[in-house]
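Chemist: Need a 3D model of the following:
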Amino acid sequence: MTAESDLRTLLRDLRPELHPGRYVFATVPDGVVPAGATPVVTVGETEGLTLVLPEKEAVAAGLNHSYPAGWITLRVHSALDAVGLTAAISLALTDAGISCNVVAGFHHDHLFVPHNRAPEAVAVLERLAAESDGG
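Modeler: Here you go, the predicted model:
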C-alpha cells in the first residue's frame, strides 16, 4: 500500500474506525511499562514515559491516569509528510466542540477523543469525508 499525500484523497478516504473500549493517558517516571500493561502508544518525555492504554490495564497496574478516551483510527494510509490532514480533522472536531489528541503511526493517524463523544466524533469525520468526495 502506497502512502497518500493528496489532501482531498486523504479526506475522502478517511474511513474512521472506532476501537472498542476506553483508553487513558498515564505516565511512568522511571520509563518502565508495568507488567500486564499493553500501551497502544508510548511517548518518551523528560518527565517520564507517557502511556496510552486500556483503562482496565491502567487501573490494574495502579497507574494514575486521565482523559478517558475513545480511540479512532483513520484507515486511510497517510504519508508522514502529508500536509493539512491534521489541520482539517482538528478543525472539523473543533467546530463540533470535541477535543482530540492525534498520534501519527507509520501507516495511519490515531485520534483519542473524549470517550462519551467518540461515536459523535466518528460521525463528524464521516461527514468530512463525504463532503470531500466532490460529488
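Chemist: Quick check: pLDDT value at the residue positioned nearest the centre of the chain.
Modeler: Here the mean C-alpha position of the chain is nearest to the C-alpha of residue 111 (Cα atoms, centre = their mean), at a distance of 1.7 Å. Note on residue 111: pLDDT of 98.
Chemist: Check the one 4 residues further on too.
Modeler: Residue 115 is assigned a predicted lDDT (pLDDT) of 98.
Chemist: Against residue 50, how distant is it?
Modeler: Separation of residue 115 from residue 50 (Cβ to Cβ, to the nearest Å) stands at 18 Å. Any C-beta I mention is one placed from the backbone N, CA and C, and that applies to glycine too.
Chemist: now residue 89
Modeler: 21 Å.
Chemist: ok, now residue 88?
Modeler: Counting by Cβ to Cβ - residue 88 and residue 50 are separated by 25 Å.
Chemist: So what's the residue count around residue 107?
Modeler: The number of residues packed around residue 107, counting by other Cβ atoms under 10 Å, is 15.
Chemist: and it, helix, strand or coil?
Modeler: coil (DSSP: H, G, I helix; E, B strand; the rest coil).
Chemist: circling back to that earlier point, please list all residues in contact with the residue nearest to the centre of the chain.
Modeler: Listed by Cβ atoms under 8 Å, 6 or more residues apart in numbering, the contact set of residue 111 reads 16, 71-74, 89, 93, 100-103, 121.
Chemist: List just the nearest of these to residue 44.
Modeler: Distances from residue 44 to the contacts of residue 111, taken as Cβ to Cβ, are shortest for residue 103 (13.4 Å).
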